[in-house]
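Chemist: Test case, fold it:
(2 chains)
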Amino acid sequence: MGEDGQVPDPQPVVSPPVQRPKLYRSSSDRWIAGVCGGIAEHLGISSALVRLLMVLAVVAGPGVFVYGFFWVMTRPDTSATQGVPVARSRRPLTRNQVLLVIGATGLAIGLGWVSPAGQLGRHLGFLLPVFAVAVGAFLAWSQLDASERSRWAGRSKRGRILAVARPVVGVVLATVGVVALATQGQGFDVVLTSALAAVAVLVGAAVIALPWVVRMWQGLQAEQTERIRATERADIAAHLHDSVLQTLALVQRRADDPATVIRLARSQERELREWLYADQNRSTDSLASAVTTVTHEVEDEHGIPIEVVVTGDRPMDDGGQALVKATREALLNAVRHGAPPVSVYVEVGPSGVEAFVRDHGPGFETTEIGDDRLGVRESILGRMRRHGGAAKIRRLESGTEIELTLPPLAGADGATPATAEAPASTAVAPASTAEASASTAEAPATEPRPNETNAGPTAPPTPAPGVREAQPTGGRTT
Amino acid sequence: MTSPTHTAPAKATSPIRLVLVDDHRMFRSGVKAELDPAVTEVVGEAPDVDTAVAVIKETRPDVVLLDVHLPGGNGNGGVDVLSATRGATTEAGQPVRFLALSVSDAAEDVIAVIRAGARGYVTKTISGNDLMTAVRRVADGDAVFSPRLAGFVLDAFGAAAGEIAEVDEELDRLSAREREVMRLIARGYQYKEVAKELFISIKTVETHVSSVLRKLQLSSRHELTAWAMGRRLL
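Modeler: Numbers count the residues shown, from 1 in each chain, chains lettered A, B, ... in the order given. Purely as a prediction, here's the structure:
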């Protein structure tokens, strides 16, 4: 039924006295197609009452046609679940279909039995074809309904086969029924001829209707893709408005403040980039993403660009958390006391994690750090040591580099080359450990740096990680 | 601000002839304003693949600054320019060198232009001084690796995961020394600083980097070919 399907115009219902809901087939309150529920909603009465009346009407005879008429002539209610007509009552519907078929069969047979015995044969001869037509129509129509619903949901292969099979079976059933009805009490020849005639008429009708149906289908699909595209465009427009346009407005207003403008541009660039090239296979809960996030935070806070390069990745653990926090502290030091360019390089490999934070400022020595400067001592050196890692600070010709290392994960393979890195490093660690042991009581326990043995978070010699952990956040850097 | 400042005006030879290929006019004029005309002379500009090929063949520049994403051609942007101008020479008879320039950090873009023949890759946020150093380096036939590209290389060759070549000639892995150089570049070290750190000369650093570039272009490592396949290069 195309003619009522193409006019989704809510205008006609503006009847001021009683704002009555338009007659739809209810999608929430339904047993079969929601006709009764829809009528009840429309009239504002109980749906149970409508159903009772309908059942009575069906038993009396005309009910089936009344129901069918309403089913055909009304559209499913989509307003309630705007755009997403979820097939909430689909399960009960299929069970009800079965129930209906059983009930109707029982009814037909019952009618046959109840009536005087002599008329049984004639009744059956009439009722069975009618029943066949009804079931056929039901199958075909319920398919149309279902296809309307499933257009929004994804379709499985099995669903597609069913979608074709149901109307075909329905049409065949209905045709057989009609032919049987028309040839009541005739001979086999007549049945055959009329069946042939019926098929011929159907084929003719199909030939005439096909192009029209195809064109309508195509039109529908075109409209659908157009709508999808429009939604997409609206999404993009909304995103650009919320992000880029807002930032541009801010930039114009803060044009006299270059630092702010740079910061705005930088963070907007990053945000847009993330949106465009949404990182495909990097999980959000990994060391690499945590380091990147923390770098971006520091960058945003201080408006100094930081180049971040991460190779490899591994899941987050206690050690990883410590490394990320220490990296953050090192970066804060770099942007506050160092000079750009600031860069972070994190390498996650089988021999553990190495992180390098580098700036180009004047630099400092660990020995120059006073005891009261908790930032470097606690947040970087102490924290890494407590988690079985190490930190050292190197002064370069221009700038400072802080190196953080972590042993490999407990379950990880190839723990052998873990110590290979150590000899290359110049001994900054001893100086700092000696210092640190004075201030932190638990330092001696982790002093031997037992790299491979207690790498895991469950390892015994990580004394009271929570106790010390709280402190560094309060005490900031030099 | 840093090291490039005092290396930039060092050579007083004839300026490097440069062609700018980028579809954003604003960006082209920005780059032109930043470059010192005594060091680099912009002899041509092009906004798309076809114009770029024509301009490069006509002006025969020393270096082409090539945007990775360009309209025209077969839809592969900078890669199309590189393949269309293969074999082009400068006025001195040297091959024309390409330095890729991009806002995109996507590995497949970067690896694709490098494998198509670019001598280096820098991001568009690079400072004017660093850009000039990079152009000079490329003009001299050396390679230019940004920290990010070095990170890609370490990843792609499995060097970060500990795979090291037994012999230097092996194409599918980095040698221990090359890995060290790449790691230092990824850490934000300039070539000069890398040289100091490893107690080698800058020339040796450049040799290592060029050798990594060669491996990057010729290796058939799965990670690299997969990236290149994505851009229909093979």
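
Chemist: contacts, neighbours, all on C-alpha from now
Modeler: Fine.

Chemist: all strands for chain B, in order.
Modeler: If DSSP state E is used as the criterion, the strands of chain B fall at B:16-21, B:40-46, B:63-67, B:97-102, B:120-123, B:144-145.

Chemist: Check which helices and strands the helix or strand hosting residue A:299 is in contact with.
Modeler: Per DSSP states H and E: residue A:299 is located in helix A:287-302. Applying 3 or more C-alpha pairs under 8 Å, 6 or more residues apart in numbering or on different chains; DSSP states H and E, one finds that helix A:287-302 contacts helix A:258-276, strand A:306-311, helix A:318-337.

Chemist: shaky segments in chain B?
Modeler: B:1-13, B:104-105, B:159-170, B:222-234 (pLDDT under 70).

Chemist: circling back to that earlier point, which of the strands of chain B sits closest to residue A:43?
Modeler: Taking C-alpha to C-alpha as the criterion, residue A:43 comes closest to strand B:97-102 out of these, the separation being 65.8 Å.

Chemist: How far does that closest one sit from its chain's centre?
Modeler: Remark: strand B:97-102 is offset 5 Å from the chain centroid, using C-alpha atoms, centre = their mean, to the nearest Å.

Chemist: Which elements pack onto that strand?
Modeler: Under the contact rule (3+ C-alpha pairs under 8 Å, 6+ apart), strand B:97-102 is packed against strand B:63-67, strand B:120-123, helix B:128-139.

Chemist: Can I get those in JSON lines including distance to chain A?
Modeler: Shown next, in JSON lines, are the helices and strands packed on strand B:97-102 (distance: least, C-alpha to the nearest C-alpha, whole Å):
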{"stretch": "strand B:63-67", "distance to chain A": "17"}
{"stretch": "strand B:120-123", "distance to chain A": "11"}
{"stretch": "helix B:128-139", "distance to chain A": "12"}
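
Chemist: hmm, back to that, out of the helices and strands packed on helix A:287-302, which gets nearest to chain B?
Modeler: Put simply, out of the helices and strands packed on helix A:287-302 the one that sits nearest chain B is strand A:306-311, at 5.7 Å, with distance taken as C-alpha to the nearest C-alpha.

Chemist: Direction included, what does the closest one pair up with?
Modeler: strand A:342-349 (parallel) (DSSP bridges).

Chemist: mind checking the longest helix of the chain?
Modeler: Here I'm looking at chain A. The helix that spans the most residues within chain A, counting by DSSP state H, is helix A:188-240.

Chemist: meant chain B actually
Modeler: In chain B, assigned by DSSP H, the helix with the most residues is helix B:202-218.

Chemist: what helices or strands is it leaning on?
Modeler: Under the contact definition 3+ C-alpha pairs under 8 Å, 6+ apart, helix B:202-218 sits against helix B:107-115, helix B:176-186, helix B:191-198.

Chemist: returning to that earlier point: and the strands of chain B as CSV, adding mean neighbour count?
Modeler: Listed next are the strands of chain B as CSV, based on neighbours: other C-alpha atoms under 10 Å in any protein chain shown:
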stretch, mean neighbour count
strand B:16-21, 24
strand B:40-46, 19
strand B:63-67, 27
strand B:97-102, 26
strand B:120-123, 24
strand B:144-145, 25
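
Chemist: picking up where we left off before, for the helices and strands packed on helix B:202-218, give me CSV that also has distance to residue A:340 and mean neighbour count.
Modeler: Output for the helices and strands packed on helix B:202-218, formatted as CSV (distance: least, C-alpha to C-alpha, whole Å; neighbours: other C-alpha atoms under 10 Å in any protein chain shown):
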stretch, distance to residue A:340, mean neighbour count
helix B:107-115, 25, 23
helix B:176-186, 16, 23
helix B:191-198, 16, 17
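
Chemist: quick one, which of these is nearest to chain A?
Modeler: Each of the helices and strands packed on helix B:202-218 was checked against chain A via C-alpha to the nearest C-alpha, and the shortest separation belongs to helix B:176-186, namely 6.1 Å.

Chemist: Next one: that closest one, is it in contact with chain A?
Modeler: Yes - using C-alpha under 8 Å from any C-alpha of the partner chain, helix B:176-186 comes into contact with chain A via residue B:186.

Chemist: could you give the angle of that helix to strand A:342-349?
Modeler: 140 degrees (axes from the mean of the first three to the mean of the last three C-alpha atoms, to 10 degrees).

Chemist: what packs against helix B:176-186?
Modeler: The criterion is 3+ C-alpha pairs under 8 Å, 6+ apart, and the helices and strands that helix B:176-186 contacts are helix B:147-156, helix B:191-198, helix B:202-218.

Chemist: Show me what the first one packs onto, helices and strands only.
Modeler: With contacts defined as 3+ C-alpha pairs under 8 Å, 6+ apart, the packing partners of helix B:147-156 are strand A:306-311, helix B:176-186.

Chemist: Just put those in CSV and tack on distance to residue A:181.
Modeler: Compiled in CSV, the helices and strands packed on helix B:147-156 are given as follows (distance: least, C-alpha to C-alpha, whole Å):
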stretch, distance to residue A:181
strand A:306-311, 78
helix B:176-186, 86
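
Chemist: Residue A:276 is nearest to which of these?
Modeler: Residue A:276 sits nearest to strand A:306-311 of all the helices and strands packed on helix B:147-156, at 18.8 Å, using C-alpha to C-alpha.

Chemist: and the residue nearest to residue B:41 when sequence neighbours are not counted, what does it touch?
Modeler: Taking C-alpha to C-alpha, 6 or more residues apart in numbering or on different chains, and ignoring the residues beside it in sequence, residue B:41 has residue B:17 as its nearest neighbour in space, at 5.0 Å. Contacts here follow C-alpha atoms under 8 Å, 6 or more residues apart in numbering or on different chains; on that basis residue B:17 touches B:40-43, B:61-63.

Chemist: residues near residue 187, how many?
Modeler: As the question left the chain open, I've gone with chain A. Residue A:187 has 9 neighbours, counted by other C-alpha atoms under 10 Å in any protein chain shown.

Chemist: that's the other chain; I wanted chain B
Modeler: Once other C-alpha under 10 Å is used to define contacts, residue B:187 is seen to have 28 neighbours.

Chemist: And it, how far from residue A:223?
Modeler: 54 Å (C-alpha to C-alpha, to the nearest Å).

Chemist: again with residue B:215
Modeler: Counting by C-alpha to C-alpha, the separation of residue B:215 from residue A:223 is 52 Å.

Chemist: Show me which of those two is the more surrounded one.
Modeler: Using other C-alpha under 10 Å, the more surrounded residue of residue B:215 and residue A:223 is residue B:215, with 21 against 12.
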